[in-house]
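Chemist: test case, fold it:
(chains A and B)
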Amino acid sequence: MKKVMMGNHAVSYGARLSRVDVIAAYPITPQTQIVEELSELCADGKMDAKFIKVESEHSAMASCMGASAAGGRAFTATSSQGLALMHELLHFSSGGRLPIVMANVNRALGPGWNIWTEQTDSLAQRDTGWLQFYCENNQEVLDTVIMSYKIAEQLSLPVMLVLDAFILSHTYEIVDIPEQELIDSYLPPYKPEIKMDVDNPHAFGALVTPDHYFEIRYKLQETMDKAAEVARKAGEEYGELVGRPYDIVEPYMLDDADVVIVAAGTLVSNSRAVINEYREKGIKVGLLKLRMFRPFPTKRVRELLAGKKKIAVIDRNISFGATGIFYQELKAALYGHGNGAGSPNIFGFIIGLGGRDVTLEDIAEIVDYTLEKEKNEEDIIWMGLKR
Amino acid sequence: MNHVDIQPRIPEPELMYSGHLACPGCGASLAMRYALKALGKNTMVIIPACCWSIIAGPFPYSALDVPIYHTAFETAAAVASGMKAALDQLGKSDVTVMAWAGDGGTYDIGFQALSGAAERNEDFLYVCYDNEAYMNTGIQRSSSTPFGAWTTTTPENHTKERPKKDIVGILAAHRIPYLATVSVAYPEDFIRKFQKAKSIRGMKFIEILSPCPPGWKTADDQSIRISRLAVESRIFPLLEIEHGEKYTLNLEPEGISVRDYLEAQGRFKKLSEKDVEHIQKEVDRKWEALKKRIS
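Modeler: Numbering: from 1, shown residues only, chains lettered A, B, ... in the order given. Modelled structure (predicted):
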């Protein structure tokens, strides 16, 4: 069934189709319609879940931890300050190997108060042990919620899916809602190997001495190493069943491209449109869409960008004192593997912080800059900065 | 000796084992033993950062024969809310979920989550074993530390100036179905209240005054005696409050001087005569106020 819906409602419908058992969430602009819609669905009996209306985002994640540890499928959604407040428990939930799924609406952090889109809130959580997926449109948002559970429960790791504030969260698009039976066959009920069980009591998260902690952390990384393939397969299988395949990275007109744009979220759609214009003029510009950010798809990125001369990374985020975060990550993936000579020039653009519009002209300017410059001269190329 | 058929009032099965890591004379370890005897095997325990994070034993060991979820300091009530919700969804509503936190995790850092869960009337039992300071980190004051007590952050020349936070009054104001205070010196009362809590749906809160020999500067073998003195001196009344309205006093002690309780503990040794008088006056005032509330 097709419906016109905002990105936030696409999240809610994704959670409904995933048959979540427990929702614990706290309202924050621009995430609120996610929890409003879920409240309605639960109240109307259209969704068989317990909705805990907690008193903070910190408690939202804590409640999800409790639910997940008891063997329930848990869901939450937040944004910006709320995600920052949860930070402690992001470590706790991944360390506890709990397959919680969370939607984060990318929003700038204060002060001053800014409710508009920026990627820094989620990217700043990169070291917490959560998988991260960035969505380009509302259809992808709905589909990614479902795929997130598929991936999370195979790995026993939590997954965050990310959508841009307002550009997706509040924008209405046509979204196909798959049949419940189809999703049921894709996503079977959650059956954890180990859970809180009175007939088989264990202690979860007990004190761990240096004798064991190291190995437990190694195990988490070992699972992360498998995650890329699990996520790729989950997207492939989803495609076979629902008709919309997804990959962890998605190239667009990449093969013969002289300049490659690397982007995530809705910046990808803008880039596509600009690339089409340049291609019409015979200029070979291509794109690599990063759907998955954690684990970083290093292997695929290296393969797909091998031999490329110029790469333009578009960051709507900043790691203060360093650079844009996608730029850092891409450089880390491509350099330092004995491939110094002939390795690409990578240009790092920071644009649209705090929700400033990123127009097609802006992207064209990024392409022109990259085409024109022989070498990358600075680590941050500021776009649209009023000096 | 004549054989007398006595029904044991304390359930015999043990769900807590030797080999745990509590200090000698720890009130909190005895409290857990009684609590699990009362609640039985169909129980899940949530433990935020507190002495019990250590007492339960390090990975891969556990001193309890019930599942334990160790969690972050401020999250006991929120984790319990989620766990109970999932159990209900999975058709296991008969399981008792017990959050087991110290005073730091209850009066201070976990207070917001506790108040939230109480306001929502979540169906679990929250227990605070109150040793009146951050004992696990080495005796720092909490908002539960009483007036005049020494801790490492309220040193002898500057002991705590403010009274202990009235957590029972605060929880009563949330009008939760059941609220009780218990003492390890009164095990029958202790067991009865835990069993009663288990039978009630909605939020239950039990406060245990839990002597800590290293933190209170007492000998290992004095914990029961001091617990009893706290009750007898009316510093720690044994009571039940239902729906924030119906107050029941379970024991009406004659009211010995607070001096007996205070002098038994090294943490109060710097109290002046005036301080002791002030404490006595406060205890008397609160006792009178409590008596007025008894239904």
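Chemist: I'd like the next helix or strand past the helix or strand harbouring A:I151.
Modeler: Taking DSSP states H and E as the criterion, A:I151 maps to helix A:138-155. Sequence order places strand A:159-164 as the next helix or strand after helix A:138-155, per DSSP H and E.
Chemist: ok, the residue nearest the centre of chain A to chain B distance?
Modeler: When chain A is reduced to its mean C-alpha position, the closest residue under Cα atoms, centre = their mean turns out to be A:F133, at 2.3 Å. Taking Cβ to the nearest Cβ, to the nearest Å as the measure, A:F133 falls 24 Å from chain B. The way it works is simple: take the backbone N, C-alpha and C, and place the C-beta from them, glycine included.
Chemist: which residues in chain B form helices?
Modeler: Per DSSP state H, chain B carries helices over the ranges B:27-39, B:51-55, B:76-89, B:103, B:111-120, B:167-173, B:187-199, B:213-216, B:223-232, B:258-263, B:273-293.
Chemist: redo the ones you listed as JSON lines? Include mean neighbour count, distance to A:N114 and mean pLDDT.
Modeler: Formatted as JSON lines, the helices of chain B follow (neighbours: other Cβ atoms under 10 Å in any protein chain shown; distance: least, Cβ to Cβ, whole Å; pLDDT from 0 to 100):
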{"stretch": "helix B:27-39", "mean neighbour count": "24", "distance to A:N114": "46", "mean pLDDT": "98"}
{"stretch": "helix B:51-55", "mean neighbour count": "23", "distance to A:N114": "39", "mean pLDDT": "98"}
{"stretch": "helix B:76-89", "mean neighbour count": "30", "distance to A:N114": "28", "mean pLDDT": "98"}
{"stretch": "helix B:103", "mean neighbour count": "28", "distance to A:N114": "39", "mean pLDDT": "98"}
{"stretch": "helix B:111-120", "mean neighbour count": "22", "distance to A:N114": "25", "mean pLDDT": "98"}
{"stretch": "helix B:167-173", "mean neighbour count": "18", "distance to A:N114": "36", "mean pLDDT": "98"}
{"stretch": "helix B:187-199", "mean neighbour count": "19", "distance to A:N114": "47", "mean pLDDT": "97"}
{"stretch": "helix B:213-216", "mean neighbour count": "22", "distance to A:N114": "46", "mean pLDDT": "98"}
{"stretch": "helix B:223-232", "mean neighbour count": "21", "distance to A:N114": "53", "mean pLDDT": "98"}
{"stretch": "helix B:258-263", "mean neighbour count": "19", "distance to A:N114": "55", "mean pLDDT": "98"}
{"stretch": "helix B:273-293", "mean neighbour count": "14", "distance to A:N114": "49", "mean pLDDT": "97"}
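Chemist: reformat these as TSV; add distance to chain A.
Modeler: Output for the helices of chain B, formatted as TSV (distance: least, Cβ to the nearest Cβ, whole Å):
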stretch	distance to chain A
helix B:27-39	11
helix B:51-55	6
helix B:76-89	3
helix B:103	19
helix B:111-120	3
helix B:167-173	15
helix B:187-199	14
helix B:213-216	19
helix B:223-232	24
helix B:258-263	33
helix B:273-293	28
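Chemist: if I pick residue 283, what's in contact with it?
Modeler: All of this is about chain A. Applying Cβ atoms under 8 Å, 6 or more residues apart in numbering or on different chains, one finds that A:I283 lies in contact with A:258, A:367, A:371.
Chemist: oops, I was thinking of chain B
Modeler: Neighbours of B:V283 in contact, by Cβ under 8 Å, 6+ apart: B:233-235, B:258.
Chemist: with respect to chain A, which of these is nearest?
Modeler: When the contacts of B:V283 are compared for distance to chain A (Cβ to the nearest Cβ), B:I235 wins out at 31.8 Å.
Chemist: what about the helix holding A:I151, distance to the chain center?
Modeler: The gap between the average C-alpha position of helix A:138-155 and the chain average comes to 10 Å, counting by Cα atoms, centre = their mean, to the nearest Å.
Chemist: again with stretch A:254-264
Modeler: So, by Cα atoms, centre = their mean, the centroid of stretch A:254-264 is 20 Å from its chain's centroid.
Chemist: okay, buried residues for that stretch please.
Modeler: Buried positions in stretch A:254-264, judged by neighbour count with 16 or more other Cβ atoms under 10 Å in any protein chain shown: A:254, A:257, A:259-264.
Chemist: export that stretch to CSV, keeping only CA atoms.
Modeler: Output for stretch A:254-264, consisting of C-alpha atoms alone and laid out as CSV, is shown next (Å, rounded to 0.1, in the frame of the first residue of the first chain):
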residue,chain,number,x,y,z
LEU,A,254,31.1,5.9,-10.4
ASP,A,255,32.9,3.6,-12.9
ASP,A,256,34.3,6.2,-15.2
ALA,A,257,34.0,9.2,-12.9
ASP,A,258,37.0,11.7,-12.8
VAL,A,259,35.5,13.3,-9.7
VAL,A,260,33.7,11.4,-7.1
ILE,A,261,31.3,13.0,-4.5
VAL,A,262,31.1,11.1,-1.2
ALA,A,263,28.0,11.9,0.9
ALA,A,264,25.4,10.6,3.2
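Chemist: skipping adjacent residues, who's closest to B:P177 in space?
Modeler: Setting aside the residues directly before and after it, B:P177 is nearest to B:G202 in space (Cβ to Cβ, 6 or more residues apart in numbering or on different chains), at 4.1 Å.
Chemist: cool, and A:I177?
Modeler: Counting by Cβ to Cβ, 6+ apart, A:M1 is the residue found nearest to A:I177 once chain neighbours are left out, at 4.9 Å.
Chemist: next one: A:R300
Modeler: Distances taken as Cβ to Cβ, 6+ apart put A:V249 closest to A:R300, at 4.9 Å, once the chain neighbours are dropped.
Chemist: so in terms of bridging, what pairs with that neighbour?
Modeler: With beta bridges defined as DSSP bridges, A:V249 has these partners: A:L290.
Chemist: that one: how many residues sit nearby?
Modeler: Other residues near A:V249 come to 21 when the count uses other Cβ atoms under 10 Å in any protein chain shown.
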